[in-house]
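*Asks:* need coordinates for the following:
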Amino acid sequence: MTAAEIREMTPEEIRSRVAELQEELFRLRFRSATQQLENTALLGSLRRDVARLKTILTERELSQKNG
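*Replies:* Down below sits the predicted model:
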């Protein structure tokens, strides 16, 4: 997911996407503790996507306050 794609989303869409990704990340971490993962790079990719989403959401909130 690129920053340009995220910037096209509404804040509600971003929040719901963050929740989805965090749930998926939890499931992957749990699965990695109990068995071997097929694609371990997916964990890092999901973490970066969550961080990207949260960063853009925070940017928007700060720009509205300073606005």
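
*Asks:* only C-alpha atoms for contact and neighbour calcs from this point on.
*Replies:* Fine.

*Asks:* show me the contacts for the residue nearest in space to the middle of the chain.
*Replies:* Ranked by distance to the mean C-alpha position of the chain (CA atoms, centre = their mean), the top residue is V50 at 1.9 Å. Listed by CA atoms under 8 Å, 6 or more residues apart in numbering, the contact partners of V50 are 18, 21-22.

*Asks:* same deal with L57?
*Replies:* Neighbouring residues of L57 by CA under 8 Å, 6+ apart: 11, 14.

*Asks:* how does it look with 6 Å?
*Replies:* L57 is in contact with no residue at all, counting by CA atoms under 6 Å, 6 or more residues apart in numbering.

*Asks:* buried set for the helix or strand hosting it?
*Replies:* If you go by DSSP states H and E, L57 is part of helix 41-66. Neighbour counts over helix 41-66 (16 or more other CA atoms under 10 Å) mark 43, 46, 49-50, 52-53, 56-57 as buried.

*Asks:* same check on stretch 5-17?
*Replies:* When burial is assessed from 16+ other CA under 10 Å, stretch 5-17 yields the following buried residues: 6, 11, 14, 17.

*Asks:* any chance of CSV for those residues, columns distance to S63?
*Replies:* Rendered in CSV, the data for those read as follows (distance: CA to CA, whole Å):
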residue, distance to S63
I6, 16
P11, 13
I14, 16
R17, 21
